[in-house]
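Asker: Make a model of this:
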Amino acid sequence: KTQTLTSSNRCTSWPSSTPGRVGRRSGSIGPLHGSVHVGRGVGIVTVIAEGMLKFDFPNSCQASKYDDWSFYRNQFQRVVNGSKAVDIVCVERDVSWLIEVKDYRRHPRTKAIDIVDEMAVKVRDTLAGLAAAARNANDIHERKHARRALASRTWRVVLHLEQSETPRKLWKNPVDSSSLLLKQRSRVLKAIDAHPIVCSRNSPCGQIPWTVR
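Answerer: Sure thing, here's the model as predicted:
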């Protein structure tokens, strides 16, 4: 079960022109369904827990656990025999980040579908869900968040992938991360994000404006 937590005095903010670099802007972005802002100025941070991982978002971001939205769970999920969803939708100024989290440190991957194809379905369905939520979501915070995401100028797709550092003899790493980026760029996600990101706690990416612990 996932949950959203809060913390303070842990964040910095990034300007949109140089994502991933520290900026000077401070201030809170309004309250959002599934998240609470605590603190003042650059001390504000939103923490979203996904399994054993915690994602710390600075106050320049507005992040929400999309697959927990009431609109998705109660309305959109049943469309066309079941729509899929990424875990987190984060809006950082003119960029909307679609974040999927996979953690195979304790349990191996068992799905037959290729992980790139699974990601593509989730991204496609999330984009459709955001378009519907922007008009029809009953929760005002979900509706506003969807509208902000759709109004952004750029879509970015991120797969946060955790795997065991020392694979077991009978349990190899389920995903070949070295070839995953090439598949994403050349196949199904190119039309949405020509440069999707695969990262982990041990292999962070300087482009993303959040941290994971």
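Asker: how close does the closest residue to Ile99 other than its chain neighbours sit to Ser60?
Answerer: Once flanking residues are discounted, Ile99 sits nearest to Ile88: 4.0 Å by C-beta to C-beta, 6 or more residues apart in numbering. Where C-beta positions appear, they are placed from N, C-alpha and C, glycine not excepted. From Ile88 over to Ser60 the distance is 15 Å, taken as C-beta to C-beta, to the nearest Å.
Asker: Also Ala132?
Answerer: Ala132 is 27 Å from Ser60, by C-beta to C-beta.
Asker: One more: Arg93?
Answerer: Separation of Arg93 from Ser60 (C-beta to C-beta) stands at 7 Å.
Asker: before we move on, back to that, between Ala132 and Ser60, which has more neighbouring residues?
Answerer: Higher neighbour count among Ala132 and Ser60: Ser60, with 24 against 17, using other C-beta atoms under 10 Å.
Asker: Touching, the more buried one and Pro209? I think so.
Answerer: Yes: checked against C-beta atoms under 8 Å, the pair Ser60 and Pro209 is within contact range at 6.4 Å.
Asker: and the residue nearest to the spatial centre of the chain, which of the three is it?
Answerer: Of all residues in the chain, the one closest to the mean position by C-alpha atoms, centre = their mean is Ile99, 2.2 Å from it. Secondary structure assignment for Ile99 (DSSP: H, G, I helix; E, B strand; the rest coil): strand.
Asker: Going along the chain, name the strands of this structure.
Answerer: Here the chain has its strands, by DSSP state E, at 3-8, 44-50, 53-58, 62-64, 88-92, 95-103, 154-162, 197-199, 211-212.
Asker: out of these, nearest to Val116?
Answerer: Closest approach to Val116 among the strands of the chain (C-beta to C-beta): strand 154-162, 9.0 Å.
Asker: Okay, now the sheet partners of the closest one, with direction.
Answerer: strand 95-103 (parallel), strand 197-199 (parallel) (DSSP bridges).
Asker: want to throw those into a markdown table with mean pLDDT and distance to Arg153?
Answerer: Listed next are the strands paired with strand 154-162 as a markdown table, based on pLDDT from 0 to 100; distance: least, C-beta to C-beta, whole Å:
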| stretch | mean pLDDT | distance to Arg153 |
| --- | --- | --- |
| strand 95-103 | 97 | 7 |
| strand 197-199 | 91 | 18 |
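Asker: Of those, give the one that comes closest to Val45.
Answerer: With C-beta to C-beta as the yardstick, what comes closest out of those is strand 95-103 (16.0 Å).
Asker: Buried residues, the closest one. List them.
Answerer: The neighbour-count check on strand 95-103 (16 or more other C-beta atoms under 10 Å) flags 95-102 as buried.
Asker: Tell me what angle whichever helix in the chain runs longest forms with strand 95-103.
Answerer: The residue-count maximum for a helix in the chain (DSSP state H) belongs to helix 115-136. Angle between the axes of helix 115-136 and strand 95-103 is 130 degrees (criterion: axes from the mean of the first three to the mean of the last three C-alpha atoms, to 10 degrees).
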